[in-house]
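Novice: Below are the sequence and a predicted model for it; my questions follow.
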Amino acid sequence: MTEVLTIALRFGLYLDLMLLFGVPAFALYNFRQRPADLTPTLPVRTFVLATAATGVLLSVAGVITMAAAMSGAELAAVGRAEITAVLTATAFGTAALLRLAALVFVLSFMFPAPINRARMMVVLAFAAIALGTLAWSGHAAMADSRAAQLHLVADILHLWAAGVWIGALAALLMLIGSAGKFSGARGAALYHALAAFALPGSILVATLLLTGVVNGLVLIGPAHLADLPASRYGQLLLVKLVLFAAMLGLAALNRYRLTPDLQSALVSGATSGMALRRSLRFEATIGVTILALVAWLGTLAPSGSLT
């Protein structure tokens, strides 16, 4: 039961903190001059407050669950001594404290309204810290070597790149809403957001591929690649790679076909957004599934050089 709860909490933190980091990043690089009528459609302040508060609750729950796992006690029996041991004697606990502090800063900076660009940039920096701390809850924190340090840096970059991608998908889905057609300012703003994501999207893909290769070489090692199908860890990793390839295909479809189609249709006065909406929803669903796999993979032992 504790293992299932650990995976669920890890998944919740991955998704929550990536949204906390990715949605404000999307707003900052896309809407320097955002139309006023889109403010209710992309409620960044409310979204950030909700995800930051959720991150606090999930982090506290994660510490309690880790204390139960380390002490062998039932969750209900975990007390101050067990929690103190986790927070003061483990890298997981140190990262959790740093994450909680960063999330409190996010809440304090975002709570007063209105939100200006400078304050949003500070919030984004603290959100990046909170998301980066998740690297210490995985395999990257389990060894002390140059390879492990390289893996830790690559893992943090991987988290940030994935966070921007997941956040962009969430923001685009909020912008696209449930309307069947797009025209006028709304359609133009959506096209601008999709077009503006082209360059960041390419950088994200390159970062994810590079850091993924580094993580794979450190965790698995070239000598163990052929053994992947024989272990649960390897099987889940292969499924993750297939799903990631599917995400790349959908991203390419959005960039090279559906976004130009949107631009062409806007010229004619109206456009149906059904194909674009379906593609973005499918891509987001695959992304969330990958995060669930990552949460599970973090509880399994790989066969590479860190073990």
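Specialist: Great, that's in hand.

Novice: Every contact and neighbour count from this point should use C-alpha atoms.
Specialist: Noted.

Novice: Select the longest helix from this protein.
Specialist: helix 146-176 (DSSP state H).

Novice: buried sites along that helix?
Specialist: 147-148, 151-173, 175-176 (16 or more other CA atoms under 10 Å).

Novice: which helices and strands does that helix pack with?
Specialist: Secondary-structure packing of helix 146-176 (3 or more CA pairs under 8 Å, 6 or more residues apart in numbering; DSSP states H and E): helix 2-30, helix 117-132, helix 184-196, helix 198-219, helix 274-297.

Novice: again, only using 6 Å
Specialist: helix 2-30, helix 198-219 (3 or more CA pairs under 6 Å, 6 or more residues apart in numbering; DSSP states H and E).

Novice: between these, which gets nearest to M66?
Specialist: Taking CA to CA, helix 2-30 is the member of these nearest to M66, at 7.8 Å.

Novice: neighbours around V60, how many?
Specialist: The burial count assigned to V60 is 15, neighbours taken as other CA atoms under 10 Å.

Novice: Kindly apply the preceding question to A230 instead.
Specialist: Under the neighbour criterion other CA under 10 Å, A230 is assigned a count of 9.

Novice: Could you check how far it is from L236?
Specialist: Between A230 and L236 the distance, using CA to CA, to the nearest Å, works out to 11 Å.

Novice: Could you break the protein into its assigned domains?
Specialist: Dividing the chain into domains by automatic domain parsing, as the record does, gives the ranges 1-137, 144-307.

Novice: helix or strand for V106, which one?
Specialist: Secondary structure here is read from DSSP states H and E; on that basis V106 sits in helix 91-110.

Novice: which other helices and strands contact that helix?
Specialist: The helices and strands touching helix 91-110, judged by 3+ CA pairs under 6 Å, 6+ apart, are helix 80-89, helix 117-132.

Novice: returning to what we had before: and the helices and strands packed on helix 146-176: which comes nearest S71?
Specialist: Closest approach to S71 among these (CA to CA): helix 2-30, 12.0 Å.
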